[in-house]
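1. what follows is a protein structure lacking sequence information:
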């Protein structure tokens with residue numbers, strides 16, 4: 001073999017066409033492609049904007065206060081102590097008493113006038129802490145504040161109550177709110193009277209008119225008023 005033929009061998013061994021890939025690639029040999037993360041779906045804006053305003057203002061705390069709470073914030077401690085004294089209510093010293101509770105053996109049915117369910121294995125008895133009668137769970141869903149004598153008390157322990165006692169507590173609370181407002185108005189009036197300096201009439205203009213009349217009465221009748 002000549003030297004020229006040796007130099008020609010690499011050229012002959014070259015392929016004229018590029019290699020073709022296989023028609024089928026097993027799943028184990030395929031390159032893995034990570035799925036692209038899709039952006040979160042944004043719900044459409046509501047028509048009236050009610051839900052949108054909640055989402056936009058979610059960072060701001062929402063404070064809701066009932067009328068009773070706003071009224072109690074305007075009542076001073078002096079008015080509350082005065083009301084407690086008038087109602088003969090002292091400090092709460094313990095849980096509501098159970099001495100007035102109706103015996104379980106004397107209650108075979110719910111004492112609610114709108115329910116006569118019979119107690120048994122599947123229907124338990126529940127005492128109203130205020131009146132002491134026995135009811136089913138459906139007719140004792142309320143909580144009212146009671147003191148150690150099972151009386152309504154603004155600082156009492158939240159206790160289970162029936163529908164009738166809860167309605168009675170609502171009326172009691174309304175009456176208490178009215179009484180506190182009247183007591184507070186009396187206290188405010190007394191404080192305003194104490195703030196007026198001694199010797200000065202709160203009705204300033206009328207006192208000035210009275211002084212002018214006294215000066216005019218001291219002048220002789222034949223006095224001739226002139227302008228200088």
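-> Great, that's in hand. It should be emphasised that the depicted structure is a prediction, and the values quoted were computed from it without experimental measurement. Numbers count the residues shown, from 1 in each chain.
2. just the strands in this protein please.
-> 126-127, 134-135, 142-146, 157-161 (DSSP state E).
3. those strands: which one's closest to residue 90?
-> Using Cβ to Cβ as the measure, strand 142-146 is the one of the strands of the chain that comes nearest residue 90, at 13.7 Å. For every residue, glycine as well, the C-beta is placed using N, CA and C.
4. who are the packing partners of that closest one?
-> Counting contacts by 3 or more Cβ pairs under 8 Å, 6 or more residues apart in numbering; DSSP states H and E, strand 142-146 packs against strand 157-161, helix 163-195.
5. for residue 82, give me the pLDDT.
-> At residue 82, the predicted lDDT confidence score is 74.
6. number of residues surrounding the closest residue to residue 140 other than its chain neighbours?
-> In this structure, residue 140 finds its nearest non-sequential neighbour in residue 126, 4.5 Å apart by Cβ to Cβ, 6 or more residues apart in numbering. The local packing of residue 126 (other Cβ atoms under 10 Å) involves 18 other residues.
7. before we move on, what about residue 135?
-> Neighbours of residue 135 (other Cβ under 10 Å): 26.
8. thought it was touching residue 112?
-> Yes: contact criterion Cβ atoms under 8 Å: residue 135 and residue 112 qualify, at 5.5 Å.
9. what sits in contact with each of the two?
-> The overlap between the contact sets of residue 135 and residue 112 (Cβ atoms under 8 Å, 6 or more residues apart in numbering) consists of residue 162.
10. thinking again about what came up before, deepest of the strands of the chain, which one?
-> Counting by mean count of other Cβ atoms under 10 Å, strand 134-135 has the highest mean neighbour count of the strands of the chain, with a mean of 25.
11. which strands and helices sit next to that strand?
-> strand 126-127.
12. what ranges does the protein have for its helices?
-> Assigned by DSSP state H, the chain shows helices spanning 3-13, 50-56, 67-74, 77-86, 163-195, 204-218.
13. can you tell me which of those the model trusts least?
-> Across the helices of the chain, helix 50-56 gives the lowest mean pLDDT, at a mean of 37.
14. skip the chain neighbours and tell me the closest residue to residue 137.
-> Take residue 137 and drop its neighbours on the chain: the residue closest to it by Cβ to Cβ, 6+ apart is residue 126, 5.7 Å away.
15. ditto for residue 134
-> Distances taken as Cβ to Cβ, 6+ apart place residue 107 nearest to residue 134, at 3.8 Å, with adjacent residues excluded.
16. what sits against that neighbour?
-> Contacts of residue 107 by Cβ under 8 Å, 6+ apart are 119, 125, 133, 134.
17. of all these, which comes closest to residue 156?
-> For those, the nearest to residue 156 is residue 133 (19.0 Å; Cβ to Cβ).
18. what's the burial count for the nearest residue to the closest one once chain neighbours are set aside?
-> In space, residue 133 comes closest to residue 111 once its chain neighbours are excluded; the distance is 4.2 Å by Cβ to Cβ, 6+ apart. As a burial measure, residue 111 scores 21 neighbours (other Cβ under 10 Å).
19. for residue 111, give me its contacts.
-> 102, 133, 134, 135, 162 are the contacts of residue 111 under Cβ under 8 Å, 6+ apart.
20. from these, which two are the most distant?
-> So, the contacts of residue 111 by Cβ to Cβ: farthest apart are 102 and 162, at 11.6 Å.
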